[in-house]
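1. here's a sequence, model it:
(one chain, ligands or ions: 1)
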Amino acid sequence: MTDFNELPAHVWPRNASRQEDGVVTVAEVPLPDLAEEFQTPLYVFDEDDFRSRCQDMARAFGGPDHVHYASKAFISKKVVQWVNEEGLCLDAAALNELKIALAAEFPAARITAHGNNKDEEYLRLCVDAGVGHVVIDNEQELEELNRIAGEAGVVQPVMIRVKPGVDAHTHEFIATSHEDQKFGISLATGAAFAAAKRCLEVNNLHLSGLHCHVGSQVFNAEGFKLAAERVLELYRQIHTELGVDLAELDLGGGFGIPYMPYEEALNIDRVAQDMLRAVDQTAEELDIKAPFLLVEPGRSLVAGSAVTVYRVGTVKDVETGKADLPVRRYISIDGGMSDNIRPALYGSEYDVRLVNRFSDGEMVPSRIVGFHCESGDILLEEGELPDDIQPGDLLAFAATGGYQYMMSSRYNGAVRPAVVATRVGNTKPMLRRETIEDLLSLEVD
Ligand SMILES: Cc1ncc(COP(=O)(O)O)c(C=O)c1O
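-> Numbering: from 1, shown residues only. From the prediction side, this is the model:
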């Protein structure tokens with residue numbers, strides 16, 4: 001038996017295991033049975049894994065009301081219901097995420113609405129539904145929201161998204177708090193102070209705090225601490241110059257997760273303690289009241305809870321023309337960049353295992369590619385996989401619960417896969433697989 005048959009526990013869902021016959025189960029449900037019933041590709045969520053991560057996060061930060069699940073990572077009505085049952089709050093990053101959350105009867109007062117380009121419909125829905133916070137991204141939105149809230153005769157609680165100018169140690173495309181990017185209002189130029197002042201002047205907004213988000217896949221907790229220190233400087237300025245103590249501080253999401261066996265999970269308890277301590281200490285040094293800390297994790301709650309199962313099609317050995325690697329095996333699967341754009345977009349890596357049986361093959365240089373008409377449609381670029389993988393086998397990629405289904409496309413007529421959840425031997429379908437009829441139904445004759 002090779003290591004390839006072992007599932008790295010910190011990367012795979014907490015209730016995944018390999019049975020004695022070599023079949024991998026998630027919450028006691030065999031993946032090959034699910035692949036048969038729901039077809040492949042297939043996203044399989046371990047419901048108790050997700051719930052336990054919510055509980056861990058809530059405990060680390062001192063209660064579920066400190067934690068907003070960033071639903072952009074994955075949203076469906078069932079996940080929204082789980083978040084609600086676990087007592088967490090929820091972030092929507094766009095109008096339709098808000099609509100899905102409301103359709104799942106998530107209490108509006110526990111929703112925070114984000115977005116750098118919220119249109120009238122989005123802002124109006126926030127106000128009419130009574131969402132707990134709108135995070136104002138820019139001065140134009142501030143005026144518009146005040147007008148809409150005024151027309152509705154309500155005072156809308158808001159936070160202001162600021163750019164703390166902290167460079168999170170992450171991939172360039174997803175670092176979001178440096179100055180030259182689209183989100184938020186600058187601290188450094190004084191624009192954030194001016195926006196806070198304006199919020200406090202107008203009649204129909206209630207400024208409850210400031211928000212920032214330093215990036216995604218952040219492993220160095222220093223970034224969060226530094227951001228907290230910088231943003232709290234503005235709390236002090238608002239306290240001193242405007243005589244107002246802001247009640248809340250939202251430090252966003254971005255906690256890193258391991259995708260590969262050699263990566264370590266972030267110690268959430270330690271990071272939470274560091275963040276809470278940094279906020280308390282800084283507030284004390286600045287002689288202001290410590291605000292209530294909010295965080296918005298997405299990936300770290302949901303990504304590790306799911307795997308994607310694919311069926312192997314063509315297997316071919318390709319002569320590379322390279323002296324150091326004369327032959328590479330190309331394993332084609334029935335999904336690809338349409339259900340997982342992250343490798344093509346960010347060069348992301350994943351842990352892949354055979355899930356329908358044991359393997360005792362020799363490890364050979366291999367690439368896993370999708371079916372799309374694009375040579376960059378590669379899900380695993382520099383892999384080593386057993387040489388006994390055959391057409392019809394099932395491969396599963398771990399930690400695929402976040403930013404995959406949500407970023408999926410219909411490229412080459414791909415239909416979006418089904419999404420199911422497993423829990424102690426039971427399976428709940430969450431989203432059905434699209435069909436060609438779904439695609440054709442968009443055609444206007
Ligand atoms: C404002 C905001 N909050 C929370 C998140 C969630 O980040 P993550 O899924 O990395 O925790 C994001 C992601 O980009 C974000 O932009």
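2. C-alpha only now, for contacts and for neighbours.
-> Will do.
3. OK, contacts around the nearest residue to G425 once chain neighbours are set aside?
-> Nearest non-adjacent residue to G425, counting by Cα to Cα, 6 or more residues apart in numbering: E28, 4.7 Å away. Taking Cα atoms under 8 Å, 6 or more residues apart in numbering, we find E28 in contact with 15-17, 422-426.
4. buried subset of those?
-> Among the contacts of E28, those buried by neighbour count (16 or more other Cα atoms under 10 Å) are 15-17, 422-423.
5. switch the residues you listed over to TSV; also include distance to A196 and secondary structure.
-> Formatted as TSV, these follow (distance: Cα to Cα, whole Å; DSSP: H, G, I helix; E, B strand; the rest coil):
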residue	distance to A196	secondary structure
N15	46	coil
A16	48	strand
S17	51	strand
T422	46	strand
R423	46	strand
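6. show me which residues of the stretch 251-400 of the chain are close to the ligand?
-> 252-255, 296-300 (Cα under 6 Å from any ligand atom).
7. what about 5 Å?
-> 252-254, 296-299 (Cα under 5 Å from any ligand atom).
8. helices - which of the residues you listed land there?
-> Counting by DSSP state H, these place R299 in helices.
9. in this protein, which helix has the most residues?
-> Under DSSP H, the chain gives helix 222-242 as its longest helix.
10. what's the first helix or strand after that helix?
-> For helix 222-242, the following helix or strand on the C-terminal side (DSSP states H and E) is strand 248-250.
11. which elements pack onto that next one?
-> strand 205-211, strand 292-294 (3 or more Cα pairs under 8 Å, 6 or more residues apart in numbering; DSSP states H and E).
12. packing partners of the helix or strand just after that strand?
-> As assigned by DSSP H and E, the chain's next helix or strand after strand 248-250 is helix 268-286. With contacts taken as 3+ Cα pairs under 8 Å, 6+ apart, helix 268-286 sits against helix 47-61, helix 222-242.
13. was I right to think A278 contacts V231?
-> No - at 11.7 Å, A278 and V231 do not qualify as touching, with contact defined as Cα atoms under 8 Å.
14. which one's more surrounded, the two?
-> V231 (24 against 19; other Cα atoms under 10 Å).
15. could the contacts of E28 go into JSON lines alongside pLDDT and distance to the ligand?
-> Formatted as JSON lines, the contacts of E28 follow (pLDDT from 0 to 100; distance: Cα to the nearest ligand atom, whole Å):
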{"residue": "N15", "pLDDT": "98", "distance to the ligand": "22"}
{"residue": "A16", "pLDDT": "98", "distance to the ligand": "22"}
{"residue": "S17", "pLDDT": "98", "distance to the ligand": "26"}
{"residue": "T422", "pLDDT": "98", "distance to the ligand": "22"}
{"residue": "R423", "pLDDT": "98", "distance to the ligand": "24"}
{"residue": "V424", "pLDDT": "96", "distance to the ligand": "27"}
{"residue": "G425", "pLDDT": "96", "distance to the ligand": "28"}
{"residue": "N426", "pLDDT": "98", "distance to the ligand": "28"}
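16. from those, which two are the most distant?
-> S17 and N426 (15.4 Å; Cα to Cα).
17. burial of whichever residue of the stretch 1-150 of the chain sits closest to the ligand, as a residue count?
-> At 5.1 Å from the ligand, A70 is the closest residue in the stretch 1-150 of the chain, using Cα to the nearest ligand atom. The local packing of A70 (other Cα under 10 Å) involves 26 other residues.
18. now the one 3 residues further on
-> Each residue near A73 was counted by other Cα under 10 Å, and the total is 21.
19. now E85
-> For E85, using other Cα under 10 Å, the count is 11.
20. look up how far L98 lies from it.
-> Distance, E85 to L98, by Cα to Cα, to the nearest Å: 18 Å.
21. V79 too?
-> Taken as Cα to Cα, the span from V79 to L98 is 13 Å.
22. more neighbours: these two, which one.
-> L98 (27 against 21).
23. give me the secondary structure label for that one.
-> helix (DSSP: H, G, I helix; E, B strand; the rest coil).
24. give me the nearest residue to it, chain neighbours excluded.
-> That would be A92: by Cα to Cα, 6+ apart, it lies 5.3 Å from L98.
25. returning to that earlier point: ok, the residue of the stretch 1-150 of the chain closest to the ligand touching L90?
-> Yes - with contact defined as Cα under 8 Å, A70 reaches L90; the gap is 6.2 Å.
26. please name the residues that touch V26.
-> Residues near V26 by Cα under 8 Å, 6+ apart: 13, 15-17, 44, 46, 422.
27. just those now: which is nearest L266?
-> For these, the nearest to L266 is P13 (15.8 Å; Cα to Cα).
28. can you get me a residue count around the closest residue to that closest one other than its chain neighbours?
-> With sequence-adjacent residues excluded and distances taken as Cα to Cα, 6+ apart, P13 is closest to S305, at 4.9 Å. S305: 31 surrounding residues under other Cα under 10 Å.
29. residue contacts, S305?
-> Taking Cα under 8 Å, 6+ apart, we find S305 in contact with 12-14, 45-47, 49-50, 399-401.
30. okay, it: pLDDT?
-> For S305, the model assigns a pLDDT of 98.
31. the nearest residue to G392 once chain neighbours are set aside: which element?
-> With Cα to Cα, 6+ apart as the criterion, G392 has its nearest non-adjacent residue at 5.2 Å, and that residue is V312. Using DSSP H and E, V312 falls within strand 306-322.
32. now do the buried residues in the helix or strand just after that strand.
-> Using DSSP H and E, the helix or strand that directly follows strand 306-322 along the chain is strand 325-333. Across strand 325-333, burial judged by 16+ other Cα under 10 Å covers 327-333.
33. can I get those residues in JSON lines with pLDDT and distance to L145?
-> What follows is the buried residues of strand 325-333, written out as JSON lines (pLDDT from 0 to 100; distance: Cα to Cα, whole Å):
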{"residue": "V327", "pLDDT": "96", "distance to L145": "60"}
{"residue": "R328", "pLDDT": "97", "distance to L145": "57"}
{"residue": "R329", "pLDDT": "98", "distance to L145": "56"}
{"residue": "Y330", "pLDDT": "98", "distance to L145": "53"}
{"residue": "I331", "pLDDT": "98", "distance to L145": "52"}
{"residue": "S332", "pLDDT": "98", "distance to L145": "50"}
{"residue": "I333", "pLDDT": "98", "distance to L145": "47"}
